[in-house]
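J.: Next comes the sequence, and after it the predicted model I'd like to discuss.
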Amino acid sequence: MKKNKQFQCVIAAVALFGTLLMVNSVEAAGYGKVIGKFVFKGKIPEKAILVKKGDPAAKDAKVCAAHGVKSNALVIDKKTRGIKNILVYIKTMESDEIHPKLAKSAKKVVDFDQVGCSFTPHILIVRTDQKVRVLSGDNCSHNFHSLPIRQRASNFVVQPMDRKGKLVEMKTSESLPTSIKCDIHPWMKAYWLVLNHPYSTKTKEDGSFEIDLVPAGKQKFRVWHEKKGYVNAGKRTGFTARVKDGKTFDLGTIELTVDDLK
């Protein structure tokens, strides 16, 4: 009798385990969308001036001080209060989980320019199957210097008005954005987020973001801004989204203050 009860308990446990597997399997099937928005709360700070317009003492003043250079470290839209350039991304993703439409990057080469002694774009998202063409629209020499963690750095001079450019490859995914700088003009800084999957984006001018075709299930997203590093959007390093097939997970609107970005 005792053995029979033990056998029944084992059968029940196996059945429960099978049910959990089925639930997880169903939950993981399909793809959904993740959206949200980050806005600034409080008095909007003015952009810091890195190079004053007309400053004859500035390095390569004829180019860099022609219009002046302002910091893009914190960009806030005064109308919507949206915070631009916050990175939202999944740290790692298995290749067999990626939606077939996104398995490979449609664009194999992306441009990274230097205009008015500033990098553009300030924040660039790159997949490991892409190459980056480093260009210059300035009539002065620049220096491209990347500082990745998991792969070899690049460090080379970019000639004036180089519209042919030089290709840079980063074949290893990075858990944090890679710092890019110009050693000739020390105020010039940018960041590249290098990943081996497509589930990443940066917030638009109004602070909104959207990531589509995200595998269904429990997905952990990291949120990062250069002034702070990881941003708490429900969890210390970001937020968790319960993605359902054909549905949209809305993080809602997250308000951030100056202190939140320190």
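T.: Sure, I can see it. Numbering: from 1, shown residues only.
J.: And the helices in this protein?
T.: Secondary structure of the chain (DSSP state H): helices located at 2-28, 61-64.
J.: need the least confident one among those, by mean pLDDT.
T.: With a mean of 46, helix 2-28 has the lowest mean pLDDT of the helices of the chain.
J.: burial count for Ile90?
T.: Ile90: 21 surrounding residues under other Cβ atoms under 10 Å. Where C-beta positions appear, they are placed from N, C-alpha and C, glycine not excepted.
J.: so it makes contact with Tyr199?
T.: Yes: at 4.4 Å, Ile90 counts as touching Tyr199 under the criterion of Cβ atoms under 8 Å.
J.: Spit out the residues that contact these two alike.
T.: 214, 219 (Cβ atoms under 8 Å, 6 or more residues apart in numbering).
J.: so how far is stretch 226-241 off the chain centroid?
T.: Distance of stretch 226-241 from its chain centroid, counting by Cα atoms, centre = their mean, to the nearest Å, is 12 Å.
J.: nope, stretch 58-74 is what I was after
T.: Centroid displacement of stretch 58-74 relative to its chain, using Cα atoms, centre = their mean, is 25 Å.
J.: Pull the residues that contact that stretch.
T.: Stretch 58-74 is contacted from outside by 45, 47-56, 83, 85, 116-118, 122, 138-140, 184-185, 187, 189, 226-227, 261, using Cβ under 8 Å, 6+ apart.
J.: Which of the residues you listed are buried, as a PyMOL select command?
T.: A single PyMOL command is used to select the members of the contacts of stretch 58-74 judged buried by 16 or more other Cβ atoms under 10 Å:
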select buried, resi 50+51+83+85+117+118+122+138+140+184+185+187+189+226+261
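J.: Which of the contacts of stretch 58-74 fall within strands?
T.: Counted as lying in strands by DSSP state E, out of the contacts of stretch 58-74, are 49-51, 83, 118, 189.
J.: Make a markdown table from those residues and add pLDDT and distance to Glu169 to it.
T.: A markdown table is the format used below for the ones in strands among the contacts of stretch 58-74 (pLDDT from 0 to 100; distance: Cβ to Cβ, whole Å):
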| residue | pLDDT | distance to Glu169 |
| --- | --- | --- |
| Ile49 | 98 | 35 |
| Leu50 | 98 | 30 |
| Val51 | 99 | 31 |
| Ile83 | 99 | 31 |
| Ser118 | 98 | 24 |
| Lys189 | 98 | 21 |
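J.: Let's have those residues in TSV, adding distance to Ala233.
T.: Shown next, in TSV, are these (distance: Cβ to Cβ, whole Å):
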residue	distance to Ala233
Ile49	30
Leu50	29
Val51	34
Ile83	12
Ser118	28
Lys189	24
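J.: I am finished for the moment; much appreciated.
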